[in-house]
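Novice: Structure of the sequence below:
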Amino acid sequence: MARLFWLSDRAWAALEPHLPHGRPGKPRVDDRRVISGILHVLKTGCRWRNVPPEYGPATTVYNRDNRWSRRGLWQRLFEQVAASGRVPQELLSDTSHVKAHRSASGGKGGKWEQAIGRSRGGRTSKIHCLADDRGRPVAFALTPGTIADISMALPLLNAAVRPRRLIGDKAYDVDSLRRWLKQHRIKAVIPSSANRTAPYPLDRTVYRRRNLIERLFCRLKNWRRIATRYDRLARNYLAGLALIAVTTEWSK
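Specialist: Residues are numbered from 1 along each chain as shown. Sure, this is the predicted structure:
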C-alpha cells in the first residue's frame, strides 16, 4: 500500500485562510483530512474509489475536490497565494507535454474543448507555465498538446505582474512577442532561432537560470496525476495542478 500523504503544518497554514468558511448547512468533514486525501490521489494516481479510509469516505473526498474545482476555488486560491509573494525581477516561460490516459476521453464539449490534442505520439495536453525567479509557478494554462508554445505567452504575461526580464527558449523567438516586451520595457532573454538572418544578442549568464522552470516541471511530474492526465475535464486537471503548486511550491 502506498504511504499516506498528510498536509504539513506550513502547507495547511498557506491553504486554510483561503478556504470557504461560514457556509450554511451541515458542517463539513475535517478540511485538512479531506484535502490530504485529495493530494494522496494526485500523488499516487490511484482511483478515487480506492482512497484509503484514513482520509474519510471516498465519495466525500471526490465530491469535495470536484465541487471546489467546479467553483474555481483551487485556481483562485493559487492566484491569491501567488499574488501575495514579492514582485519578481524576472519571469521564466516554458511548456511541458502530458500524456492523456484513455480515461481522460469523453469530456463534455469534446477533446478540443477539454485541451486534448492528437498527434503521431498519441493524445496529449500541454501545460504552459510562468515561474518566478525562485522557480515557483505564478500562472498556468492548459491547451491541446498540438498547440504552439508561443500561443499562451501573452495571455499568461497579461495575468502576471510585469517583470524586468523574461527568460524563454527558442520557441518564444517571435517578433510579436519581442515587440510586446519592448513596449512594456521588459528585457527579452530569448535565444534567436536558426532561421534569423540577424540574431538578437543573448545574455547567456541570465539564460542559464532557465533551468529553474525545467526543475519545476520535474517536481510537478513527481505527482502521478500530473505526469499522466486521467481527468476528463481540463478544469479538474488544472485544479489539481493549482493545489499541488500551493502546497508544495508556495509553502516551502
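
Novice: going forward, measure contacts and count neighbours with C-alpha atoms only.
Specialist: Noted.

Novice: okay, now Ile116: neighbour count?
Specialist: Neighbour count of Ile116, defined by other CA atoms under 10 Å: 29.

Novice: Quick check on it: phi, psi?
Specialist: Here is the backbone geometry of Ile116 (degrees, to the nearest 10): phi -130, psi 120.

Novice: what sits against it?
Specialist: 100, 123-125, 143-145 (CA atoms under 8 Å, 6 or more residues apart in numbering).

Novice: Now do the phi/psi pair for Arg165.
Specialist: According to degrees, to the nearest 10, Arg165 has phi -140, psi 150.

Novice: And stretch 244-252, what's buried?
Specialist: 244-251 (16 or more other CA atoms under 10 Å).

Novice: Columns pLDDT on top of those residues, output as JSON lines?
Specialist: Shown next, in JSON lines, are these (pLDDT from 0 to 100):
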{"residue": "Ile244", "pLDDT": "96"}
{"residue": "Ala245", "pLDDT": "95"}
{"residue": "Val246", "pLDDT": "94"}
{"residue": "Thr247", "pLDDT": "93"}
{"residue": "Thr248", "pLDDT": "93"}
{"residue": "Glu249", "pLDDT": "94"}
{"residue": "Trp250", "pLDDT": "91"}
{"residue": "Ser251", "pLDDT": "84"}
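
Novice: Which one of those is nearest to Ala139?
Specialist: The shortest gap between Ala139 and any of these belongs to Ala245, at 10.2 Å (CA to CA).

Novice: Distance check, the closest one against Arg120.
Specialist: Ala245 is 31 Å from Arg120, where distance means CA to CA, to the nearest Å.

Novice: before we move on, what about Pro53?
Specialist: On the measure of CA to CA, Pro53 and Arg120 end up 41 Å apart.

Novice: Look at the two and report which has more neighbours.
Specialist: Taking other CA under 10 Å, Pro53 and Arg120 do not tie; Pro53 has more neighbours (9 against 5).

Novice: pLDDT wise, what is that one at?
Specialist: Pro53 is assigned a pLDDT of 93 by the prediction.

Novice: still on that earlier bit, so which of the contacts of Ile116 belong to helices?
Specialist: Applying DSSP state H to the contacts of Ile116, no entry is found in helices.
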